[in-house]
Every structure is written in C-alpha cells, then in structure tokens.
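Q: Just a sequence and a predicted model for now, questions to come.
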Amino acid sequence: MSETVLNTFNLATNAAAISDGFTFSKGAASETTCTSPLDGAVLTKFNMASEQQSQEITEKAQAAFEKWKLIPAKKRASLLDTIAKEIAAAKDDLALLMTYEMGKPLWEAKAEVQNCIDTAHYAATLWPNLGGQNYPSGRDNVELYDKYHPLGPVLVITAFNFPYALWAWNAFVAIACGNSVVWKPAPQTPLCAIAMMEIMHKAMKQHDDVPEGLMCHVIGDNDNVAIPLVNNNAYPLVSATGSTKMGMAVSKSVGARLGRTILELGGNAAGVFTPSADIDQALRIAYFSATLNSGQRCTALRRLMVHESIADEVIDRLKTAYNSWPVGDVMKDGHRLSSLVDDTAAGLFNKDIDALEKDGVKLFRPNIKLPKGDAWVHPYMAILDKDAPQPAEETFGPLLYVQPYSTFEEVLEKTNAVDYGLSNGIFSNDLKEIQGFLNVAESGCAMVNDNTGGPEVMLAFGGVKNSGLGSEKGGDSWKQYMRRQSVMMNHQKVVMGDLGIKFGDK
Ligand code: UN1
C-alpha cells in the first residue's frame, strides 16, 4: 500500500541520504531499514551518510550562504512563496508518507503539512521587518542604529514527532533572513526529510538566483554525522529539537565554540480546570490536548488538575471519551489512536506504566482493542491523589495524569512544581483566575481555554527551564537567525576637542 507514495518521492530504491537541494546522492556509510510502526512492514532500506559526505555538505552550505546573503530580502521571500505553493501541491502525499513512516493519523499529518505551508507564507512576510531600531544620540549630528545581517549556515536537528514542521519553523525563517540550512532529521523519520527535500528541489529550481546548497539534508548516525556537524565551526547557529538530555549535550558542544543554539526540548504541561470553566468545552479541549499524536508531543497536556468540586464529573466524562477513542485505521478522518513511533518508544512507555502500577497509582485503561503490532500501546489516565507530588518526568505517549486540587494558590504552585516550562493552560471563565494564572505560569506558552499545543505561526514557540532556550517561528524569533551590528555614524564637522594634540592642519 505504501509503494505508491514511496515511488512518488523516489524512495523505494533510491533513498538519498544527502542532498544540496539539487543533487541527491546515496550514502556511503552503514545501511538503515525503515519500517512502518503501523504494521511493522519494511518501507525501504538505504545507506546513511559518512562523515566525509556530511563535511562536503557543510562546505556546500557555506558556499551557498556567501551567495544567498547578497540576494535582496524581497527576492528571498519570493522563494518562500514558491515553497508554499509546492508543498501545498504535494500536501496529501507528504501527509500519507508521514503516516506510514511514523504513524501519525492522516488528518493530523495533513494539519502538520498545512502548518508548514502557513510557516512559509509567514516567513515570506518577514522581509520588510528584518531591520532594527534607531536611537537618539547624546551628540549632535550622530546617527545610532541597529543593522541586521545574515548569520551563516544554520544546522537544524529535528525530532520524529513533527517530521516536517520542526524543520520548516527553522528553515523558512533562516532562509528569509539570508542564511543557508543543513537539515539532520530524526533517525525514525528520514523518508519524510528526503521527500520534503524533493519538494524543495522543485521550488528552488524555479528561481535562477538560488544557489546549490541553500537547503541541504544529511541523514546519518551520531558518530558520523550529528556530532561532527554540531562541533563544526561552520555553523554559527544550531537549532535542535528533542530530549532535554540531547539539548544539554548540544548546548555544551556548541557553547564550547561560542556558537548560538535554539533548543526546543521536553515538556510536562499542566492544565488547570477551574469550577468557572465551561465544562463541556474544556473537557473536549483537554482531551484533545492530551491525546493528539497519541500524546507524543512535548506540548501534550500531561497534568490535568481539576477543582475538587468538579473532579468526579470531569474524570467520569474523560473516561467516556477515552473509551470511545477510535482505534485502528489511521488513514480515516477524525481523531484516531495511532501506534507510537516504534517498538522502542512503546517499550519505554509501558515501562513507565509498570512503574506507576508498582507505586500503587490508580490507573484507568480504556476498554479499546488494539491492532496487532509492537508499536501499539494502551492509553492510560493516572488518577493521582490530591496530595501526590507532581510527576517529574515526561512520558512520551498517551498518558494523562488527573489530579484534584482545593485552592487556586495551591494549583498555581503545582503548575510550576516541575523542571519543565514549555506550555501550560487554564480552563476558566473567571478573569481574576485567568490573569492570576498568566502572571505566574513559568512556561514559554500559556493557553487560556485552548490547546496546550504549539501556537499559531505568528507567535514565537519555545520553552523555559528544562524545556529549552530561544524560540522558533513568530514574534521576534527571526533575530536569532541574524547578527546585529551597532552602527554609529558621525556627521559632525568637528569631531572632538583637539586636547592639545597638533595634527599639522593647514
Ligand atoms: C504542536 O504541539 O503543535 O513535540 C507542536 C512538541 C513540539 C512541537 C509541538 N516539538 O510538542
């Protein structure tokens, strides 16, 4: 079934581990096998890139940067318009490939591809604002202002759970700013990266001024590819999405060479469900926040804290919703339980559930029948006692903790009582509560009566504490992809007093 889409992107026999966006080449290192988590079927096999090949790609990206940085920002933006158009034309195929490769339900995969299109449109609008401020000088006839320059090749390392969007958020803003981009995708989703690069090729060849190497990809293991790239001085900025452990390692390596990082790491989102909330609406939003992509999102609602006066009702109704979660055909429209990304992920998830069981935590497992396959796991709700400590670690899968609370002060304290700070939310119709929450929530994103997931493209996305550093896409995130220069321009006739020095003026 997957053959048609594999052939569309030339992946069945020819998967290219490396490209400079124009030439797609086979890798020279060891072979990797791509299987679908949905049924374990082998999709394709190909050789990954060697260290030398990744070095060659870096050199291409450097050469491309030297040319691209000279292209006017408005012309750079027109490439992004073409990119949006080409991704839109391939939307269904790109989504289908994602579903096969990492199991995301097709309608969610389509939404992610749409997000990439939106990001390209957004990045195309940045160019008139890639400037700085000017300032009043303390002297006469002196101009002071900020000038922004492109930075250089940007290395983008992405996670499996959003195989296209995490790259698009970085790559499109980076090229709008005049940089080149090298993409190192997650080991679980190489095919999505190759397919997306085929689309980039279609877009880039429509523009005469786009150099080879502007957008590159390289697929390989840590030793040959990821570590040498991260340590390479050619990259003034490394933007990486993944675990906190990975982020800390990248930060240490890039920091040691005084490079910049954008790090988008783990999460442990809280949702505060107050008695003033519209229960029908809040229940639905909370449920989807917790269960989209089977909970494999660092923004997934993980800790739902419900006021004790409504806790029983909310828990009962959530149980009903979990029991009716449709399972199986992830190609069908509508909310679907999918498999996890692979059997390793399923093993880790089940280990966490076993540990909760051993600790005597009350677990609710919905009455649904799973398809056969090692990557499929049962979803769970863990009902915590009111006084139980906050779950410290992120469980990457369909696990939602639900816990009653008594006072608003107490629940605010619990919201922040974890090491992560990516996204938190409140369900409330009381302005005092909403403001109280927004004033103290320690997270890069704070949602009111809305999904704790990534915000719309024009807002910046990034976390605090162990959830990361910096931000992607909207707001003033673009500044991280440029270097600021402070300009002091003197139009004074007399520079300064001669301080008694003779210059031999005639
Ligand atoms: C979203 O929630 O829509 O895994 C995007 C995550 C992030 C991206 C979230 N890397 O949650």
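A: Nice, I can see it. Numbers count the residues shown, from 1 in each chain.
Q: which parts of the stretch 401-506 of the chain sit against the ligand?
A: Applying CB under 6 Å from any ligand atom, one finds that the stretch 401-506 of the chain approaches the ligand through 453, 454. Just so you know, the C-beta spots here come from the backbone N, C-alpha and C atoms, and that holds for glycine as well.
Q: Sketch out the low-pLDDT regions of the stretch 401-506 of the chain for me.
A: The model of the stretch 401-506 of the chain has pLDDT under 70 over residues 494-498.
Q: I'd assumed residue 289 was in a strand, is it?
A: No - counting by DSSP: H, G, I helix; E, B strand; the rest coil, residue 289 is not found in a strand; it is helix.
Q: can I assume it is in contact with residue 270?
A: No - the criterion here is CB atoms under 8 Å, and residue 289 misses it with residue 270 at 10.9 Å.
Q: shared neighbours, these two?
A: Shared contacts of residue 289 and residue 270, defined by CB atoms under 8 Å, 6 or more residues apart in numbering, comprise 301, 425.
Q: Which parts of the stretch 301-450 of the chain are helices?
A: Secondary structure of the stretch 301-450 of the chain by DSSP state H, counting those that start in this stretch: the helices cover 311-323, 343-358, 408-415, 431-440.
Q: Not counting the first one itself, show me its contacts.
A: Taking CB under 8 Å, 6+ apart as the criterion, the residues outside helix 311-323 that touch it are 273, 279, 283, 286-287, 291, 304, 306, 364, 366-368, 379, 381, 383, 400, 402, 404.
Q: out of those, which are buried?
A: 273, 283, 286-287, 291, 304, 306, 364, 366, 379, 381, 383, 400, 402, 404 (16 or more other CB atoms under 10 Å).
Q: hmm, back to that, can you redo the helices of the stretch 301-450 of the chain as a markdown table, where the extra columns are mean neighbour count?
A: Output for the helices of the stretch 301-450 of the chain, formatted as a markdown table (neighbours: other CB atoms under 10 Å):
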| stretch | mean neighbour count |
| --- | --- |
| helix 311-323 | 16 |
| helix 343-358 | 15 |
| helix 408-415 | 18 |
| helix 431-440 | 15 |
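Q: Identify the residues contacting residue 215.
A: Contacts of residue 215 by CB under 8 Å, 6+ apart are 21, 171, 175, 180, 181, 183, 197, 200, 204.
Q: ok, now residue 279?
A: Per CB under 8 Å, 6+ apart, neighbours of residue 279: 310, 313, 314, 317.
Q: For it, grab phi and psi.
A: phi -60, psi -40 (degrees, to the nearest 10).
Q: swap in residue 283?
A: According to degrees, to the nearest 10, residue 283 has phi -60, psi -50.
Q: near the ligand, which residues of the stretch 201-350 of the chain?
A: So far as CB under 6 Å from any ligand atom goes, the stretch 201-350 of the chain lies against the ligand at 241, 264, 297, 298, 299.
Q: pLDDT weak spots in this structure?
A: Those would be 1, 494-498, if you go by pLDDT under 70 across the chain.
Q: Nearest the geometric middle of it, what residue?
A: residue 166 (3.6 Å; CA atoms, centre = their mean).
Q: is it true that that one lies in a helix?
A: Yes - checked against three-state DSSP, residue 166 lies within a helix.
Q: Tell me which residues touch the closest residue to it other than its chain neighbours, please.
A: Distances taken as CB to CB, 6 or more residues apart in numbering put residue 158 closest to residue 166, at 4.2 Å, once the chain neighbours are dropped. The contact partners of residue 158, by CB under 8 Å, 6+ apart, come to 166, 167, 183, 184, 185, 186, 189, 193, 240, 241.
Q: Then residue 13?
A: Residues near residue 13 by CB under 8 Å, 6+ apart: residue 44.
Q: Please report how far it lies from residue 323.
A: Distance of residue 13 to residue 323, given as CB to CB, to the nearest Å: 44 Å.
Q: again, but for residue 40
A: Residue 40 sits 27 Å away from residue 323, going by CB to CB.
Q: Residue 117 now?
A: Noted for residue 117: a distance of 35 Å to residue 323, by CB to CB.
Q: Just give me the closest of the buried ones among the contacts of helix 311-323 to the ligand.
A: residue 291 (12.3 Å; CB to the nearest ligand atom).
Q: Touching, that closest one and residue 325? I think so.
A: Yes - with contact defined as CB under 8 Å, residue 291 and residue 325 form a contacting pair (6.8 Å).
Q: Need the overlap of contacts for these two.
A: With CB under 8 Å, 6+ apart, residue 291 and residue 325 have common neighbours 335, 337, 379.
Q: Quick one: residues contacting the last one.
A: With contacts taken as CB under 8 Å, 6+ apart, residue 379 has the following neighbours: 291, 294, 295, 322, 325, 337, 365, 366, 368, 397, 398, 399.
Q: Make CSV from those and add distance to residue 98 to it.
A: Formatted as CSV, the contacts of residue 379 follow (distance: CB to CB, whole Å):
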residue, distance to residue 98
291, 18
294, 14
295, 17
322, 25
325, 20
337, 17
365, 28
366, 25
368, 23
397, 18
398, 19
399, 23
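Q: Quick check: residue 83 vs the ligand, distance?
A: Residue 83 is 20 Å from the ligand, where distance means CB to the nearest ligand atom, to the nearest Å.
Q: That residue: what's it in contact with?
A: 120, 172, 199, 200, 203.
Q: What is the nearest of these to residue 493?
A: residue 172 (46.8 Å; CB to CB).
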